[in-house]
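>>> give me coordinates for this.
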Amino acid sequence: MTREVFIAHVEREQEALRSFLLALCCGNKGEADDLAQDTLVKAYLSSAGYQDKGRFRSWLFKIAHNTFLNHKASLRSTESIDEARLLVSNATSDSGFAYQSLYLALRTLPPKERSAITLFYLTGYNIKEIAAITEASEDAVKKQLSRGRDKLQAQLKMNHGK
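Alright, predicted model coming up:
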């Protein structure tokens, strides 16, 4: 892939990538922007190996997903909605975002469940596509979606009960 072709693909997919990472980062624009930049650098460095057999967006999201997981592996996951609320109140999130409650609940999910939920519900990928992006089996994706939905539902009920 030439530099010009890569740039054209990125220009077309940049907003979708930023939206995907913003959702994975639960509204933390700074973190999402950092991960987007890392993703684009990694994509450019490996663009010679891109076969153009699939969609560029899926390939880019796969790199973004792995970048996100690697980043999260180095951080402690938030255990409760109260901890997430504290993190958000410390200016780590875009407070004007309309889905703040959802972001708070998403923050409590393990990264793989958060990825599956985000790809399925917020990005519109189907289970087979999510499996390819996350390098998991379709059954694993179904389990991640089921667990993630259950945990989100419980967190959102607790959050609205307060």
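
>>> nearest residue to the middle of the protein?
Centrality entry for the chain: nearest residue to the mean C-alpha point is Leu24, 3.0 Å, by Cα atoms, centre = their mean.

>>> can I assume it is in contact with Lys112?
No - the criterion here is Cβ atoms under 8 Å, and Leu24 misses it with Lys112 at 11.0 Å. The C-beta positions use only the backbone N, C-alpha and C, and glycine is treated the same way.

>>> which residues sit against stretch 136-150?
The contact list for stretch 136-150 (Cβ atoms under 8 Å, 6 or more residues apart in numbering) reads 109, 112-117, 120, 127-128, 130-131, 134.

>>> OK, contacts around Gly152?
Gly isn't right for residue 152; it's Leu. Applying Cβ under 8 Å, 6+ apart, the residues near Leu152 are 102, 105-106, 109, 117.

>>> if we go to 10 Å?
Neighbour list for Leu152: 102, 105-106, 108-109, 113-114, 117, 121 [criterion: Cβ atoms under 10 Å, 6 or more residues apart in numbering].

>>> as TSV, the residues you listed with neighbour count, distance to Arg55 and pLDDT would be great.
Shown next, in TSV, are the contacts of Leu152 (neighbours: other Cβ atoms under 10 Å; distance: Cβ to Cβ, whole Å; pLDDT from 0 to 100):
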residue	neighbour count	distance to Arg55	pLDDT
Leu102	20	26	74
Ala105	25	29	80
Leu106	25	25	83
Thr108	23	31	85
Leu109	22	26	88
Glu113	21	24	92
Arg114	26	22	90
Ile117	25	21	92
Tyr121	15	19	87
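
>>> all helices of the protein, in order?
Ranges of helices within the chain are 3-24, 29-45, 56-73, 81-87, 100-107, 111-117, 127-134, 138-161, based on DSSP state H.

>>> among the ones you listed, which is the most enclosed?
helix 111-117 (a mean of 24; mean count of other Cβ atoms under 10 Å).

>>> counting contacts, what elements does it pack onto?
helix 3-24, helix 56-73, helix 100-107, helix 127-134, helix 138-161 (3 or more Cβ pairs under 10 Å, 6 or more residues apart in numbering; DSSP states H and E).

>>> try 6 Å
With contacts taken as 3 or more Cβ pairs under 6 Å, 6 or more residues apart in numbering; DSSP states H and E, helix 111-117 sits against helix 56-73, helix 138-161.

>>> on that earlier part again, for Ala48, state which of the contacts of stretch 136-150 is nearest.
Comparing the contacts of stretch 136-150 against Ala48 with Cβ to Cβ picks out Thr134 as the nearest, at 23.5 Å.

>>> with that, I have no additional questions.
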